[in-house]
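Undergrad: structure for the following, please:
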Amino acid sequence: MRCPETESDKAAAADVLAAFLTARNAGRPSIDCYLAGIAEWRRHYPDHEQSYAAHRAVALILAQHVYRNKFHGV
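TA: Model (predicted):
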């Protein structure tokens, strides 16, 4: 997964992660958490295909999860 390159990508990434964490902290099922992140990506990029948006959003979420586990022991 490449890092977000543009300011728009950075804003989308932040919103994807925030939506995922909000759903997770609310006790939603995992699928709902991922779907919340995908919806945020689609909000930023409505022209992206659903499959591409899902790929980007889930990749961002998983990369953040790996980073937190590796460097923060969470």
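Undergrad: any stretches of the chain with poor pLDDT?
TA: Where the chain drops to pLDDT under 70, the residues are 1-5, 67-74.
Undergrad: biggest helix in it by residues?
TA: helix 50-72 (DSSP state H).
Undergrad: helices and strands around that one, which ones?
TA: helix 7-25, helix 30-44 (3 or more CB pairs under 8 Å, 6 or more residues apart in numbering; DSSP states H and E). The C-beta positions use only the backbone N, C-alpha and C, and glycine is treated the same way.
Undergrad: buried ones in that helix?
TA: 53-54, 56-58, 60-61, 64 (16 or more other CB atoms under 10 Å).
Undergrad: coming back round to it: could the helices and strands packed on helix 50-72 be laid out in CSV, adding mean neighbour count?
TA: Compiled in CSV, the helices and strands packed on helix 50-72 are given as follows (neighbours: other CB atoms under 10 Å):
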stretch, mean neighbour count
helix 7-25, 17
helix 30-44, 18
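Undergrad: quick revisit: the buried residues of helix 50-72 into CSV, with extra columns for distance to Asp15?
TA: CSV is the format used below for the buried residues of helix 50-72 (distance: CB to CB, whole Å):
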residue, distance to Asp15
Ala53, 12
Ala54, 15
Arg56, 12
Ala57, 10
Val58, 14
Leu60, 10
Ile61, 12
Gln64, 13
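Undergrad: name the nearest of those residues relative to Cys33.
TA: Using CB to CB, Ile61 is the member of the buried residues of helix 50-72 that lies nearest Cys33, at 8.0 Å.
Undergrad: tell me the contacts of that closest one?
TA: 16-17, 20, 34, 37 (CB atoms under 8 Å, 6 or more residues apart in numbering).
Undergrad: isn't Ile38 up against His55?
TA: No. Contact criterion CB atoms under 8 Å: Ile38 and His55 do not qualify, at 9.3 Å.
Undergrad: hmm, back to that, most widely separated two among the contacts of Ile61?
TA: Counting by CB to CB, the most remote pair of the contacts of Ile61 is Leu17 and Tyr34, 11.6 Å apart.
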